[in-house]
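In: Below are the sequence and a predicted model; questions follow.
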Amino acid sequence: MHIQNKTSYLGLLLGLGLSLAANSVFAEPVLEYKVALSDDGNSYEVWMRPSATPKPNISLTGQLTLKVPHEAQFKPAKVVAGVEGADWIEASRVDAPKEDSKHDYISFSYIGAQGNSSQNYEWTANEELLVFSFVNEKGCVNGVSIMADTDPFNVANNSQQTNPGNQFTNLGWGAVGENNFKGVYGDSPKCLKK
């Protein structure tokens with residue numbers, strides 16, 4: 001009986017080790033962000049594209065930071081989820097920090113892990129997914145982009161003591177504390193000429 005318990009214990013450890021190894025296959029960042037204009041030329045759309053399908057598919061947290069021209073007095077309005085029940089909200093804003101006084105930084109946060117919302121995104125490898133859309137109260141503005149990792153304001157201990165970085169965590173791409181954000185794709189949207 002003593003040998004049988006050791007065998008069961010070793011089997012459990014082996015199974016747990018294989019499970020953790022399978023989860024760490026995607027330990028590298030896999031999710032890219034893009035901001036674009038909708039066909040109407042007025043609404044901005046945020047798209048995301050993973051390089052791998054998460055298993056299990058449990059989205060926990062997310063943040064996206066827009067960089068917009070300060071002189072435009074950009075104000076997002078009518079934020080609409082691209083997937084029902086997977087909402088994003090404007091969570092913070094820093095106007096003209098000393099690191100880049102010509103731009104404002106607006107961070108949106110994913111309101112995940114509420115009820116079944118953590119599984120609302122049907123991520124598929126190499127397929128874009130519309131995550132949310134919004135308008136600017138004063139209309140379309142050129143120069144709107146997703147903040148790059150190398151942005152001068154995207155540093156620890158910035159002048160405003162904020163955390164403007166882009167981030168997303170899905171348990172199918174790694175552990176709870178990992179950031180699955182890989183980078184930005186696509187060009188900055190251009191307003192349609194009137």
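Out: Great, that's in hand. Numbering: from 1, shown residues only.

In: Measure how buried the closest residue to residue 41 other than its chain neighbours is and give me the count.
Out: Spatially, and ignoring its direct neighbours in sequence, residue 41 is nearest to residue 192 (3.9 Å; C-beta to C-beta, 6 or more residues apart in numbering). All C-beta atoms are positioned from the backbone trio N, CA, C, and that covers glycine. Residues near residue 192, counting by other C-beta atoms under 10 Å, number 11.

In: Same check on residue 156?
Out: When neighbours are defined as other C-beta under 10 Å, residue 156 has 7 of them.

In: what helix or strand is it on?
Out: For residue 156, there is no enclosing helix or strand under DSSP states H and E.

In: Then the one 3 residues further on?
Out: Assigning secondary structure by DSSP H and E places residue 159 outside every helix and strand.

In: That one contacts residue 97, correct?
Out: Yes. Using C-beta atoms under 8 Å, residue 159 is in contact with residue 97, at 5.1 Å.

In: how close does residue 136 sit to residue 185?
Out: 22 Å (C-beta to C-beta, to the nearest Å).

In: Have a look at these two and say which one is more surrounded.
Out: Between residue 136 and residue 185, residue 136 has the larger neighbour count (other C-beta under 10 Å), namely 19 against 13.

In: beta partners for the more buried one?
Out: residue 76 (DSSP bridges).

In: Contact partners for it?
Out: 44, 72, 74, 75, 76, 77, 144 (C-beta atoms under 8 Å, 6 or more residues apart in numbering).

In: Reformat those residues into JSON lines and put distance to residue 105 and neighbour count next to each item.
Out: Below are the contacts of residue 136 laid out as JSON lines (distance: C-beta to C-beta, whole Å; neighbours: other C-beta atoms under 10 Å):
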{"residue": "44", "distance to residue 105": "15", "neighbour count": "21"}
{"residue": "72", "distance to residue 105": "13", "neighbour count": "17"}
{"residue": "74", "distance to residue 105": "10", "neighbour count": "22"}
{"residue": "75", "distance to residue 105": "14", "neighbour count": "15"}
{"residue": "76", "distance to residue 105": "12", "neighbour count": "19"}
{"residue": "77", "distance to residue 105": "18", "neighbour count": "10"}
{"residue": "144", "distance to residue 105": "12", "neighbour count": "23"}
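
In: ok, back up a step: now for the residue nearest to residue 41: which residues touch it?
Out: Residue 192 touches 37, 41, 140, counting by C-beta under 8 Å, 6+ apart.
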